[in-house]
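S.K.: sharing a model that was predicted from the sequence below.
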Amino acid sequence: MQELFASRFALPPGAKVRPVQEAAVELARTMDEPGLLVIEAPMGEGKTEAALATAEVLAARSGAGGVFFALPTMATGNAMFPRLLDWLDRLPAPEETRHSVLLAHSKYALNRGLHRPHGPRTNQGP
């Protein structure tokens with residue numbers, strides 16, 4: 001579990017997988033079929049990383065090829081988008097893999113720093 005999180009996220013030195021992250025990924029690995037997982041925990045417990053790792057596990061188990069990552073406000077979407085792109089860069093995939101990624105809200109065009117092509121990949125992951 002530690003290897004999964006260390007290879008996908010820019011964790012600070014010495015960081016350990018949190019209980020909510022471990023529980024979410026273990027649940028995703030043992031579900032009989034894909035479903036909806038709701039992760040609730042206080043701020044700073046690693047819900048974002050838990051959600052992305054869980055999405056990766058569920059996608060691998062079900063053969064899915066996409067993720068819909070919804071957040072409650074434009075501000076949280078803007079703040080989270082670069083983290084989502086970093087996670088995508090760390091997923092193992094062939095060299096020429098390109099991702100279709102969209103920040104979708106009514107003011108996305110004002111976020112010039114978030115508009116960039118995503119791929120071909122520069123980081124192959126572990």
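M.R.: Thanks, I have it. Residues are numbered from 1 along each chain as shown.

S.K.: not counting its neighbours along the chain, what's nearest the residue nearest in space to the middle of the chain?
M.R.: Centroid-nearest residue in the chain, with C-alpha atoms, centre = their mean: residue 52, separated by 3.1 Å. Spatial nearest neighbour of residue 52, chain neighbours left out: residue 87 (5.0 Å); criterion: C-beta to C-beta, 6 or more residues apart in numbering. C-beta: built from backbone N, CA, C; applies to glycine.

S.K.: work out the gap between the lowest-mean-pLDDT helix or strand in the chain and the centre of the chain.
M.R.: In the chain, the helix or strand scored least confidently by mean pLDDT, DSSP states H and E is helix 74-90, which has a mean of 90. Distance of helix 74-90 from its chain centroid, counting by C-alpha atoms, centre = their mean, to the nearest Å, is 8 Å.

S.K.: which residues touch the residue in the chain sticking out farthest from the centre?
M.R.: The outermost residue of the chain relative to its centre, with distances by C-alpha atoms, centre = their mean, is residue 110 at 23.4 Å. Shown in contact with residue 110 (C-beta atoms under 8 Å, 6 or more residues apart in numbering): no residues.

S.K.: so what's it scoring on pLDDT?
M.R.: Model confidence at residue 110, given as pLDDT, is 74.

S.K.: got it, and the one 4 residues further on?
M.R.: At residue 114 the predicted local confidence, pLDDT, stands at 59.

S.K.: where does the prediction get shaky in the protein?
M.R.: 112-126 (pLDDT under 70).

S.K.: for it, just list every one of the helices.
M.R.: Ranges of helices in the chain, per DSSP state H, are 2-8, 19-30, 47-62, 74-90.

S.K.: who does the longest one touch, helix- and strand-wise?
M.R.: For helix 74-90, the helices and strands in contact under the criterion 3 or more C-beta pairs under 8 Å, 6 or more residues apart in numbering; DSSP states H and E are helix 2-8, helix 47-62.

S.K.: which one of the ones you listed is the most hemmed in?
M.R.: Comparing the helices and strands packed on helix 74-90 by mean neighbour count (mean count of other C-beta atoms under 10 Å), helix 47-62 comes out on top with a mean of 19.
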